[in-house]
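Colleague: Generate a structure from the sequence data that follows.
(one chain, ligands or ions: 2)
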Amino acid sequence: MIKVDSLIVNYKGFCAVDNVSFSVEEQEIFGIVGPNGAGKTSTIECIEGLRKPSSGTISVMGYDPWKNRKELHEIIGVQLQDTSYQDRARVFEICELFSSFYSNPIPYDELLNSLGLQDKRKAFVSKLSGGQKQKLAIVLSLISNPKVVFLDELTTGLDPKARHQMWDMILKLRDKGLTIVIVSHFMDEVEAICDRVAIMNKGRILNIGTISSIIEKYDLKQKISFKTDQININSLEKLDYVISVKKERDVVTLFGTGNDYVNRVITYLTENNIIYTELSVKKPNLEDVFLDLAGYTPEGENSRKAVGGLK
Ligand SMILES: Nc1ncnc2c1ncn2[C@@H]1O[C@H](COP(=O)(O)OP(=O)(O)OP(=O)(O)O)[C@@H](O)[C@H]1O
Ligand SMILES: [Mg+2]
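Modeller: Residues are numbered from 1 along each chain as shown. Ligands and ions are numbered 1, 2, ... in the order given. Below you'll find the model as predicted:
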């Protein structure tokens, strides 16, 4: 559906997007993550035909977004990171205006209903809450009945229930055949809905793939913690599959690697008749990868030094 090849975006000599290439398949939910200023919005603005690339080629369903903006306009839906509306307009008036832009719009009342905005139909846009404005932006991005939707920081400002509703809605849209590109700072959101993700930093893609493949690649440590007052942590430190151990009061936290690391720790505790409670295992997730790349390590000494990280 989308092919980006060697994209470069320069702003007066500053390179915001530096030779980025990737493609997005039909009916895929593709996520772009990365720290502030990484070049995410600049990249998708080029794909949306809103910004002219300095160099590189982009194709969206065979169209060049810059040269074929008219055709593209009919097949894509866009929710921008920052949107401002005329304050004196009411919700239904903005929806009608947007509907008039397209040849085959979806009845906007359906969209307002599905996002719980039907009661606000006649409200002034200026009187909507932050989250309601965000929902309106999403309604407007879908009015064109698009084939591809771009959502830049979709759920920023939404309450937890609204975020989950939004995710459900996106998954349903995908099942109906849409291709969706999202930019997000919420790693739980990306893990919940994206099929593949690209991690960007300083204009480049550091990694791209399914979430599980990215997490595996970084080989981060699994965290085990349990409560006991019967252990000498020096004995745990000596085990070859344990990387580090910390004990605070009766809580022992340890990090290790290897597929059978958790089993081996439990076996060790059992064989040594160590009685423990509240054992928990936390597998690394996308947030851990992101923090590791950013050089941020809540557990300090347990960190692997990130190579080519986000710093
Ligand atoms: N119109 C512009 N003129 C000059 N510099 C710009 C312009 N737009 C963006 N930049 C710069 O390009 C870089 C990338 O910006 P971009 O908006 O693409 O980042 P982003 O990854 O979307 O960040 P965020 O997570 O904060 O939204 C930043 O350093 C930004 O200051
Ligand atoms: Mg942005």
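Colleague: For the protein, what lies in contact range of ligand 2?
Modeller: The chain comes close to ligand 2 at residues 41, 81, as judged by CB under 5 Å from the ion. To be clear about C-beta, it is placed using only N, CA and C from the backbone, and glycine gets the same treatment.
Colleague: what do you get if the cut-off is 6 Å, keeping everything else the same?
Modeller: Contact residues, the chain versus ligand 2 (CB under 6 Å from the ion): 40-41, 81, 152.
Colleague: neighbours around the residue in the stretch 51-200 of the chain that ligand 2 sits nearest to, how many?
Modeller: Nearest to ligand 2 in the stretch 51-200 of the chain, going by CB to the ion, is residue 81, at a distance of 4.8 Å. Residue neighbour count, defined by other CB atoms under 10 Å, stands at 15 for residue 81.
Colleague: Adjust the sequence numbering to begin at 18 for everything that follows.
Modeller: Fine by me, first position is 18 from now on; the one you just mentioned is residue 98.
Colleague: pretty sure it contacts residue 168?
Modeller: No. In this structure residue 98 lies outside contact range of residue 168 using CB atoms under 8 Å: 9.6 Å.
Colleague: re the thing from before, so what's the residue of the stretch 68-217 of the chain closest to ligand 2 up against?
Modeller: By CB atoms under 8 Å, 6 or more residues apart in numbering, the residues touching residue 98 are 58, 169-170, 200.
Colleague: rerun at 7 Å
Modeller: For residue 98, the contact set (CB atoms under 7 Å, 6 or more residues apart in numbering) comprises 58, 169-170.
Colleague: now residue 294
Modeller: Residues near residue 294 by CB under 7 Å, 6+ apart: 243-244.
Colleague: ranges for the strands of the chain?
Modeller: Remark: strands assigned in the chain by DSSP state E are 19-28, 31-41, 46-50, 72-77, 93-96, 165-169, 196-200, 213-218, 221-226, 239-244, 259-265, 268-273, 294-299.
Colleague: Listing partners with orientation, what would you give for the fifth one?
Modeller: To tie it back to what came earlier, the one meant is strand 93-96. Taking DSSP bridges as the criterion, strand 93-96 sits next to strand 165-169 (parallel) in its sheet.
Colleague: ok, now the longest one?
Modeller: Taking DSSP bridges as the criterion, strand 31-41 forms sheet pairs with strand 19-28 (antiparallel).
Colleague: got a list of contacts for stretch 41-55?
Modeller: Defining contact as CB under 7 Å, 6+ apart, one finds that stretch 41-55 is touched by 18-19, 57, 60, 187, 191, 194, 196-201, 207, 210-219, 307, 311, 327.
Colleague: export that stretch as PDB, just CAs?
Modeller: What follows is stretch 41-55, C-alpha atoms only, in PDB (Å, rounded to 0.1, in the frame of the first residue of the first chain):
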ATOM      1  CA  VAL A  41       3.400  -0.900   4.700                       C
ATOM      2  CA  GLU A  42       1.200  -3.800   3.600                       C
ATOM      3  CA  GLU A  43      -2.500  -3.700   2.900                       C
ATOM      4  CA  GLN A  44      -4.600  -4.100   6.000                       C
ATOM      5  CA  GLU A  45      -1.600  -3.600   8.300                       C
ATOM      6  CA  ILE A  46      -1.500  -1.500  11.400                       C
ATOM      7  CA  PHE A  47       2.000   0.100  11.200                       C
ATOM      8  CA  GLY A  48       3.400   2.100  14.100                       C
ATOM      9  CA  ILE A  49       6.100   4.700  14.200                       C
ATOM     10  CA  VAL A  50       7.600   5.400  17.600                       C
ATOM     11  CA  GLY A  51      10.600   7.500  18.700                       C
ATOM     12  CA  PRO A  52      11.600  10.400  20.900                       C
ATOM     13  CA  ASN A  53      10.400  14.000  20.400                       C
ATOM     14  CA  GLY A  54      12.000  15.400  17.300                       C
ATOM     15  CA  ALA A  55      12.800  12.000  15.800                       C
END
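Colleague: Check whether that stretch comes near ligand 1.
Modeller: Yes. Using CB under 6 Å from any ligand atom, stretch 41-55 reaches ligand 1 at 51, 53-55.
Colleague: ok, so of these, who is nearest residue 150?
Modeller: For those, the closest approach to residue 150 (CB to CB) belongs to residue 53, at 21.2 Å.
Colleague: Neighbours of that closest one, how many?
Modeller: For residue 53, the neighbour count with other CB under 10 Å is 6.
Colleague: separation between residue 213 and residue 44?
Modeller: Distance of residue 213 to residue 44, computed by CB to CB, to the nearest Å: 12 Å.
Colleague: quick one: which of those two has more around it?
Modeller: A count of neighbours by other CB under 10 Å puts residue 213 above the other of residue 213 and residue 44, at 19 against 16.
Colleague: what's the spacing between that one and residue 201?
Modeller: 13 Å.
Colleague: Same question for residue 160.
Modeller: For residue 160 relative to residue 201 (CB to CB), the value is 22 Å.
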